[in-house]
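Asks: Here's a sequence, model it:
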Amino acid sequence: MGILTNVGSFFTLNAIGAWKMGQEQVWDRHKALNEAELPKGDGKIIVITGGNRGIGFEAVKVFLKLGYRVIIGCRRPQDCLKSLEGHEGAFEAIALDLTSFESVRKFAKELLDREDVKQIDVLANNAGIMMTPLNRTKEGHESQFGVNHLAHFLLTSLLMPLLRATPNPRVVNVSSAAHFGGRFTDFDDLGWKRNSYNREGAYANSKVAQVLFTRRFHRVHGAETGVNMIAIHPGVVNTGLYEHVGLLTTIFGFAMKTPRQGAETLIHAAIGADIEGQGGIYLENSHVATPLALTADENVQDKLWKESMQFVGLEKFF
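Replies: Coordinates of the predicted model:
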């Protein structure tokens with residue numbers, strides 16, 4: 001049964017990837033953002049995880065060009081700063097290891113304690129891992145679920161005081177069309193400790209978790225907090241995220257988005273004026289799209305929220 005499930009997940013995610021590549025190259029081709037039409041930063045603060053490579057790096061460069069102050073959370077801050085040498089603007093990198101809740105808490109505390117960070121205008125939960133072999137976070141969670149969802153869930157909660165200190169703040173959760181392959185059928189084994197590990201299924205579940213988080217937050221807390229949370233699919237993008245499925249980029253790299261193209265939906269979600277005040281939405285190719293029907297199930301939203309709160313050790317979200 002485990003082998004059949006693994007094979008099914010493999011073909012499902014590859015079919016989704018092929019469909020999305022076709023969509024992005026044929027009937028819903030990528031439309032480049034016009035930087036001249038994007039809002040200027042004027043010193044507004046964007047906090048982004050994983051902004052040292054891939055789509056995050058490309059987004060950071062645009063944010064800096066527009067005058068935003070960017071704070072990057074990454075595992076190796078010195079490497080991140082080196083990659084941005086020669087770029088003008090206000091930016092810094094702070095150590096953040098998303099496999100450790102202790103590191104997440106330390107990162108958040110540094111921002112909360114600083115006199116020069118009075119608010120956060122945008123939190124971009126961008127960092128992620130994809131289809132890795134079975135690994136565990138420091139707290140013992142399956143790594144894809146832990147890094148892609150739980151760590152960002154905790155980080156968002158801890159930074160809520162700074163987000164709520166500014167008008168119309170946004171949180172962007174970088175999900176994926178892979179979430180269409182996600183299924184939350186066993187809430188008793190979110191850590192893959194009983195069932196046979198399935199890297200494709202684990203990745204898809206981590207991505208559907210981000211959309212469930214987005215929609216549940218908006219439904220229950222959006223109006224109360226004033227925070228607009230948005231989930232996105234950046235596209236099938238040729239980046240280092242595919243290191244564990246490198247054959248895909250070798251064969252289909254020509255049909256994939258470039259990192260800059262993939263960054264544009266993230267940029268749009270973070271600062272686009274046309275979606276001001278719209279929380280709980282899901283974007284593809286910089287326009288609102290319909291996510292997996294499961295993500296609208298309030299019972300599933302609530303179950304995942306409850307489990308996530310327990311996993312990260314929170315009594316209240318804000």
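
Asks: Tell me which residue is most central in the protein.
Replies: Closest residue to the average C-alpha location of the chain: V174 at 2.6 Å, with C-alpha atoms, centre = their mean.

Asks: what are the phi and psi angles of that one?
Replies: Backbone torsions of V174, given as degrees, to the nearest 10, read phi -80, psi 100.

Asks: Quick check: closest non-adjacent residue to it.
Replies: N126 (4.7 Å; C-beta to C-beta, 6 or more residues apart in numbering). Heads up, the C-betas are built off the backbone N, CA and C, glycines and all.

Asks: circling back: bridged to the residue nearest to the centre of the chain, which residues?
Replies: Counting by DSSP bridges, V174 is bridged to I232.

Asks: element containing Q301, please.
Replies: helix 298-312 (DSSP states H and E).

Asks: And that helix, what's buried?
Replies: 300-301, 304-305, 307-309, 311-312 (16 or more other C-beta atoms under 10 Å).

Asks: Name the residues that touch the top helix by length along the chain?
Replies: In the chain, with assignment by DSSP state H, the single longest helix is helix 2-22. Contact with helix 2-22 is made by 177-178, 180-181, 195-196, 198, 200-201, 203-204, 233, 235-236, 248, 252, 255-256, as judged by C-beta atoms under 8 Å, 6 or more residues apart in numbering.

Asks: Adjacent strands (with direction) for the helix or strand following it?
Replies: Note on helix 2-22: by DSSP H and E, the next helix or strand toward the C-terminus is strand 45-49. Using DSSP bridges, the strands paired with strand 45-49 in its sheet are strand 69-74 (parallel), strand 122-125 (parallel).

Asks: re the thing from before, now intersect the contacts of helix 2-22 with the strands, please.
Replies: The members of these that map onto strands under DSSP state E are H233.

Asks: lowest average confidence, helix or strand, in this structure?
Replies: Least confident helix or strand of the chain, by mean pLDDT, DSSP states H and E, is helix 246-252 with a mean of 54.

Asks: Tell me the helix or strand right after that helix.
Replies: Next along from helix 246-252, by DSSP H and E: helix 259-271.

Asks: Give me the contact list for the helix or strand following that following helix.
Replies: Counting by DSSP H and E, the next helix or strand C-terminal to helix 259-271 is strand 282-284. The contact list for strand 282-284, computed with C-beta under 8 Å, 6+ apart, reads 28, 175, 177, 211, 214, 230-233, 235, 265, 268-269, 275, 288-291, 295.

Asks: and if you look at stretch 225-232?
Replies: Stretch 225-232 has contacts (C-beta under 8 Å, 6+ apart) with 156, 160, 163-164, 167-175, 210-211, 213-215, 217-218, 221-222, 265-266, 269, 275, 277-284, 291, 318.
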